[in-house]
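> here's my sequence, what's the structure:
(one chain, ligands or ions: 2)
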Amino acid sequence: MQTIGSYLDVEGRDFYFQGCANCDKRCCDGRVGFSLAPLIVDDFVEVYKHFPILFGNVNDVFRPLMILNDGNSPCSYLGANAQCMIYEERPPACRLYPVSPFFDAVFVDSSCPSVSDEIIGEAIVQEGKVVEKFYHKRLEHFSDKLERTSAFMKRLVENICDFEMVGNVSGVLLYRYVGEFDNEWLEMHRASLQHLQI
Ligand code: SF4
Ligand code: SF4
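Numbering: from 1, shown residues only. Ligands and ions are numbered 1, 2, ... in the order given. Predicted structure coming up:
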């Protein structure tokens with residue numbers, strides 16, 4: 001079985017999920033959980049209406065990033081009852097985690113304490129396939145989407161002066177694009193900047 005850190009290749013396997021109610025890791029709170037998530041350009045349309053899309057260097061790759069919070073606070077869409085207030089419109093990373101595509105394989109993060117390969121909770125993966133309730137089209141043709149994102153970034157970084165630093169979250173310097181090149185993804189990037197106060 002292929003593994004990458006805590007991520008396990010689901011091929012041919014079953015995994016179960018017990019839900020978030022009793023978990024201390026609190027993914028939605030930047031003080032203990034996630035603050036940034038890498039994006040592919042296909043994600044932009046499901047992200048820009050709620051979160052800033054910026055650019056930054058993570059794992060030696062300059063890439064688009066979704067900014068979930070400032071690194072010291074919960075997601076602004078996390079309700080008092082720990083429910084997501086934009087549940088039906090939450091971004092793909094929130095929909096899929098602890099499942100994640102890796103090129104054309106699918107992995108599950110075993111560091112999520114609610115993930116198990118024993119029958120505890122509800123099935124998220126059966127015989128290597130993500131079940132319908134947890135499925136998202138992001139998982140389809142993921143290599144092609146990565147290539148599309150790489151080509152987009154390659155075009156943008158032709159002139160590195162076209163990036164302006166706007167902040168720092170969890171030690172990652174974050175940039176917006178101020179160059180003249182334009183396309184639908186950059187329009188969504190610019191529209192997303194209205195959320196920078198997050
Ligand atoms: S680590 Fe897993 S169980 Fe805990 S909040 Fe995140 S998704 Fe839920
Ligand atoms: S959008 Fe919802 S699921 Fe995603 S981090 Fe915010 S509160 Fe959590």
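> average pLDDT across the lengthiest helix in the chain?
Ranked by number of residues, the top helix in the chain under DSSP state H is helix 142-156. Average pLDDT, helix 142-156: 97.
> and if you look at stretch 35-49?
What stretch 35-49 shows for mean pLDDT is 97.
> so what touches it?
For stretch 35-49, contacts defined as Cβ atoms under 8 Å, 6 or more residues apart in numbering pick out 53, 56, 58, 63-71, 89, 91-93, 138, 142, 145-146, 148-149, 152, 169-170, 172, 185, 188-189, 191-192. To be clear about C-beta, it is placed using only N, CA and C from the backbone, and glycine gets the same treatment.
> circling back: buried residues in the longest helix of the chain?
For helix 142-156, a neighbour-count test (16 or more other Cβ atoms under 10 Å) marks 142, 145-146, 149, 152, 156 as buried.
> need the max-distance pair from those residues.
Among the buried residues of helix 142-156, the pair separated by the greatest distance (Cβ to Cβ) is 142 and 156, at 20.9 Å.
> near ligand 1, which residues of the protein? Just list them.
Proximity of the chain to ligand 1 is confined to 20, 23, 25-27, 97-98, 112-114 under the rule Cβ under 6 Å from any ligand atom.
> pLDDT at residue 25, what is it?
83.
> which one of the residues of the chain next to ligand 1 is nearest residue 12?
Out of the residues of the chain next to ligand 1, the member with the shortest distance to residue 12 (by Cβ to Cβ) is residue 98, at 18.1 Å.
> hmm, residue 51 and residue 196 touching each other?
No - under the criterion of Cβ atoms under 8 Å, residue 196 makes no contact with residue 51, lying 9.8 Å away.
> quick one on the thing from earlier: which of the contacts of stretch 35-49 come close to ligand 2?
Checking these against ligand 2 (Cβ under 6 Å from any ligand atom), the matches are residue 68.
> picking that back up, residue 196 and residue 51: which is more packed in?
Comparing residue 196 with residue 51 by other Cβ atoms under 10 Å, the one with more neighbours is residue 51, at 27 against 14.
> how near is that one to ligand 2?
8 Å (Cβ to the nearest ligand atom, to the nearest Å).
> just confirm that residue is within a strand.
No - under the criterion used here (DSSP: H, G, I helix; E, B strand; the rest coil), residue 51 is coil, not part of a strand.
> okay then, goodbye and thanks.
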